[in-house]
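J.: Got a predicted model here, sequence first, then my questions.
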Amino acid sequence: MSRSKARSWKTLFIALVAVLTISMLAACGKKDDNKGKEAANNGSSGKVVATYEGGEITENEFDLELRIMKTLQPQMAQLLEMDDFREFLVKQAITYEYLSGKADDKAQKEGKKTAEDQLTAIKTQMGDEAFKQMLDTQKITEDELKNYMIRIFTVVASQTAGITEEDIKTEFEATKDDYTTASVRHILIGLTDTEGKERSKEDALKLANQVKAKLDKGEDFATLAKEYSEDPGSKDNGGLYEDALVTQWVPQFQEKARTLKINEISDPVETDYGYHIMRVESRTEKKYEDLTAEEKDMIKNLVGSTKLDEFMDKDLDKIIKKIDLPKVENNTETDNNAVTPPASEGNAGTDSQGTSKESGNSGNAGANNSEKTDGNAGNTK
């Protein structure tokens, strides 16, 4: 597996932990003595697929890991059929098993409490029946999910224990563009018309320029968006994405959202979805003192994740004795290591490296990885 793939997948799981910590599904866990192992094996050890210093992972345990991933992130189902990704997953499982076993009592207690709190929040938000149905779909018990959550949150607690306020501030300053928000109104002229027929780039650009001319003459943006825009996520709202994280959008859309003068109407901006006529109505560059406690915790977790990166890059191979995963037949890799979104998400395609703050945006505005991106706002996954 290439180093670039490993890092992109590690980033995806780092983001996964951050997203689930502050939203509906929390990905985490710690082994509670041998109870977690027994629950995972359902009384049968199964074939050993990996051995490492001080432990092993059986086929049953790894299968449980895959089912939990499918439960928490169903859009990752295609990745879970890739041999390279499965190898990364088993290495990640080793990492969390090994590091959770090395965590001190304070980290273990904190990890257990966080996991229990998050599990309660999940059940409250989903409702008992929906929560049970979610678990039943992948044949997972509540205790198995809880143990998984405890294991990962314990590692998170251990890795973030020494991080100071100054460390968090330094990381924020280096990545503060990720927290810029903007209210952007746009009209998308897509490469497929409302009847599902393909439209050439030339025809799309011609129509986009015609709409731009109407705007230049003073016609109302919201009215024209409702008439012409083919972004289902914003059309009915007059093309508006309000106070949205700029990082969620695809690069071309994102660049205009960052640089376009306030209330200036752009020339057509090309993305994979077609041509966007954009108007930035407001833009806010967040300062450190504006961060919420939740955002600071998220940054703290991301700083801690660099320690996991370093461990997996420099130390993990030293403790692994053998990996013997069965190959997956007829597996294919997605282009650019992308996770293909479910059909219901349209062309949201958000970037897994984006921040996990929910903007509530959906559509084809070119978003990069938000939990709620349904449509063609240019979202890149």
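T.: Received it, and whenever you're ready, just let me know what you need. Numbers count the residues shown, from 1 in each chain.
J.: Touching, residue 94 and residue 315? I think so.
T.: No. Residue 94 is beyond contact range of residue 315, at 11.1 Å (criterion: C-beta atoms under 8 Å). Yep, even glycine has a C-beta here, placed from its N, CA and C like the rest.
J.: Can you pick out the residue with more neighbours from those two?
T.: residue 94 (22 against 13; other C-beta atoms under 10 Å).
J.: Give me the local confidence score for that one.
T.: As predicted, residue 94 sits at a pLDDT of 94.
J.: ditto for residue 13
T.: Looking at residue 13, its pLDDT reads 45.
J.: before we move on, what about residue 71?
T.: We have a pLDDT of 86 for residue 71.
J.: Can you report how many residues neighbour it?
T.: With other C-beta under 10 Å as criterion, residue 71 counts 18.
J.: Disregarding flanking residues, what is the spatial nearest neighbour of it?
T.: residue 138 (4.7 Å; C-beta to C-beta, 6 or more residues apart in numbering).
J.: go on, residue 62?
T.: residue 49 (5.3 Å).
J.: which residues in the stretch 151-300 of the chain form helices?
T.: Along the stretch 151-300 of the chain, counting by DSSP state H, counting those that start in this stretch, helices occupy 165-175, 201-216, 221-228, 251-259, 293-310.
J.: Generate CSV for those helices, with mean neighbour count as supplementary columns.
T.: CSV is the format used below for the helices of the stretch 151-300 of the chain (neighbours: other C-beta atoms under 10 Å):
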stretch, mean neighbour count
helix 165-175, 14
helix 201-216, 15
helix 221-228, 18
helix 251-259, 20
helix 293-310, 17
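J.: Nearest to residue 149, out of those helices?
T.: Closest approach to residue 149 among the helices of the stretch 151-300 of the chain (C-beta to C-beta): helix 293-310, 14.3 Å.
J.: Between helix 165-175 and that closest one, find me the angle.
T.: 90 degrees (axes from the mean of the first three to the mean of the last three C-alpha atoms, to 10 degrees).
J.: Which strands or helices does the helix or strand just after helix 293-310 pack on?
T.: Using DSSP states H and E, the helix or strand that follows helix 293-310 in sequence is helix 316-319. Secondary-structure packing of helix 316-319 (3 or more C-beta pairs under 8 Å, 6 or more residues apart in numbering; DSSP states H and E): helix 83-102.
J.: Residue 178 is in contact with residue 247, isn't it?
T.: Yes. Here residue 178 reaches residue 247: they are 4.9 Å apart, a contact under C-beta under 8 Å.
J.: Among the two, which residue is more densely surrounded?
T.: residue 247 (25 against 18).
J.: For residue 187, see how far away the more buried one is.
T.: For residue 247, the distance to residue 187 (C-beta to C-beta, to the nearest Å) stands at 22 Å.
J.: so who does residue 280 touch?
T.: With contact taken as C-beta atoms under 8 Å, 6 or more residues apart in numbering, residue 280 is in contact with 182, 183, 184, 256, 257, 260, 261, 262, 263, 264.
J.: For these, give me a markdown table that also has pLDDT and distance to residue 172.
T.: Formatted as a markdown table, these follow (pLDDT from 0 to 100; distance: C-beta to C-beta, whole Å):
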| residue | pLDDT | distance to residue 172 |
| --- | --- | --- |
| 182 | 97 | 19 |
| 183 | 97 | 22 |
| 184 | 98 | 23 |
| 256 | 96 | 24 |
| 257 | 96 | 20 |
| 260 | 97 | 25 |
| 261 | 97 | 26 |
| 262 | 97 | 25 |
| 263 | 97 | 29 |
| 264 | 97 | 29 |
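J.: Enumerate the positions of the lengthiest helix in the chain that are buried.
T.: In terms of residue count, the longest helix belonging to the chain (DSSP state H) is helix 105-126. For helix 105-126, the neighbour count (16 or more other C-beta atoms under 10 Å) marks 107, 108, 110, 111, 112, 114, 115, 118, 119, 121, 122 as buried.
J.: Could you dump those into CSV with pLDDT and distance to residue 164 added?
T.: What follows is these, written out as CSV (pLDDT from 0 to 100; distance: C-beta to C-beta, whole Å):
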residue, pLDDT, distance to residue 164
107, 94, 17
108, 95, 22
110, 93, 17
111, 93, 20
112, 95, 24
114, 91, 20
115, 92, 25
118, 90, 25
119, 91, 29
121, 90, 28
122, 89, 31
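J.: Turn those into CSV, including distance to residue 154.
T.: Output for the buried residues of helix 105-126, formatted as CSV (distance: C-beta to C-beta, whole Å):
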residue, distance to residue 154
107, 6
108, 5
110, 7
111, 3
112, 7
114, 9
115, 8
118, 13
119, 14
121, 18
122, 18
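J.: And the residue nearest to residue 62, how far from residue 89?
T.: Using C-beta to C-beta, we find residue 49 at a distance of 11 Å from residue 89.
J.: Identify the contacts common to the two.
T.: Residues within reach of residue 49 and of residue 89 at once, by C-beta under 8 Å, 6+ apart, are residue 62.
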